[in-house]
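Asker: sequence unavailable; structure follows:
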């Protein structure tokens with residue numbers, strides 16, 4: 001609970017330092033979407049993309065959902081064919097202590113250098129994020145089974161976003177449930193925070 005409190009405090013600080021904007025241009029962004037993920041353990045790829053100390057890259061493929069804000073209220077488009085070769089996002093991950101060996105125990109980890117693109121009919125919203133996770137699973141079986149609960153702070157990247165989201169700014173919280181069950185990977189993500197659209 002202490003780690004989540006730190007995340008919430010950081011979110012509040014990020015909101016406090018957002019540039020001032022007119023009231024009608026700033027409102028809440030809410031989104032809910034799902035998909036699946038898969039890891040990349042290639043040391044060369046991890047070294048190229050991740051800060052020192054991170055161990056693998058986790059890729060995400062969005063299969064659809066919805067988003068509500070002042071400038072856009074509608075669906076989040078699915079990655080065409082759910083193609084894992086074209087992930088919508090990825091982040092660096094690492095264990096905070098030991099790697100998991102006991103399937104009945106939760107193991108803490110850290111998320112860093114995250115980036116996610118949410119495509120919509122009116123433009124792409126790009127967010128960058130970091131945070132923490134806890135993991136419980138059995139990696140000794142094939143395919144493995146696991147459940148991971150993730151808490152993230154995100155920042156809207158208005159320079160990379162397009163369409164109505166170009167120039168947008170904001171910070172918020174993402175909560176993710178990621179699992180691999182019966183050989184099927186899936187995640188469910190919710191995000192909420194203020195968004196300021198470009199004038």
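Answerer: Cool, the structure landed. Keep in mind that what you see is a predicted model, and the values were worked out from it rather than measured.
Asker: give me the nearest residue to residue 38, chain neighbours excluded.
Answerer: With Cβ to Cβ, 6 or more residues apart in numbering as the criterion, residue 38 has its nearest non-adjacent residue at 5.5 Å, and that residue is residue 59. Placement of C-beta: from N, CA and C, glycine included.
Asker: what strand or helix carries residue 180?
Answerer: strand 171-181 (DSSP states H and E).
Asker: and that strand, what does it pack onto?
Answerer: Contact analysis of strand 171-181 by 3 or more Cβ pairs under 8 Å, 6 or more residues apart in numbering; DSSP states H and E lists helix 2-16, strand 123-138, strand 145-156, strand 184-196 as its packing neighbours.
Asker: okay, those in JSON lines with mean neighbour count next?
Answerer: Below are these laid out as JSON lines (neighbours: other Cβ atoms under 10 Å):
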{"stretch": "helix 2-16", "mean neighbour count": "13"}
{"stretch": "strand 123-138", "mean neighbour count": "20"}
{"stretch": "strand 145-156", "mean neighbour count": "20"}
{"stretch": "strand 184-196", "mean neighbour count": "18"}
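Asker: out of the ones you listed, which gets nearest to residue 74?
Answerer: Nearest to residue 74 among these is strand 123-138; the distance by Cβ to Cβ comes to 11.2 Å.
Asker: quick one: distance of the closest one to the chain centre.
Answerer: Relative to the chain's own centre, strand 123-138 is displaced by 3 Å; criterion: Cα atoms, centre = their mean, to the nearest Å.
Asker: any idea of the mean pLDDT in it?
Answerer: Strand 123-138 shows a mean pLDDT of 98 in the predicted model.
Asker: what lines up beside the strand holding residue 180 in the sheet?
Answerer: strand 145-156 (antiparallel), strand 184-196 (antiparallel) (DSSP bridges).
Asker: so which of the ones you listed comes closest to residue 49?
Answerer: When these are compared (using Cβ to Cβ), the closest one is strand 145-156, at 17.4 Å.
Asker: returning to what we had before: list of residues touching the strand holding residue 180?
Answerer: 7-8, 11, 14-15, 18, 29, 37, 127, 129, 131, 137, 143-156, 185-195 (Cβ atoms under 8 Å, 6 or more residues apart in numbering).
Asker: that strand vs strand 123-138, what angle?
Answerer: 50 degrees (axes from the mean of the first three to the mean of the last three Cα atoms, to 10 degrees).
Asker: and strand 171-181, how far from the chain's centre?
Answerer: 7 Å.
Asker: which helix or strand in this structure has the lowest average pLDDT?
Answerer: helix 2-16 (a mean of 44; mean pLDDT, DSSP states H and E).
Asker: what's the next secondary structure element after that helix?
Answerer: Counting by DSSP H and E, what follows helix 2-16 is strand 26-40.
Asker: other residues contacting stretch 139-150?
Answerer: Taking Cβ under 8 Å, 6+ apart as the rule, stretch 139-150 contacts 100, 103, 111, 131-138, 174-183.
Asker: thinking again about what came up before, who wins for proximity to residue 85 among the helices and strands packed on strand 171-181?
Answerer: Going by Cβ to Cβ, the one of the helices and strands packed on strand 171-181 nearest residue 85 is strand 184-196, 15.2 Å.
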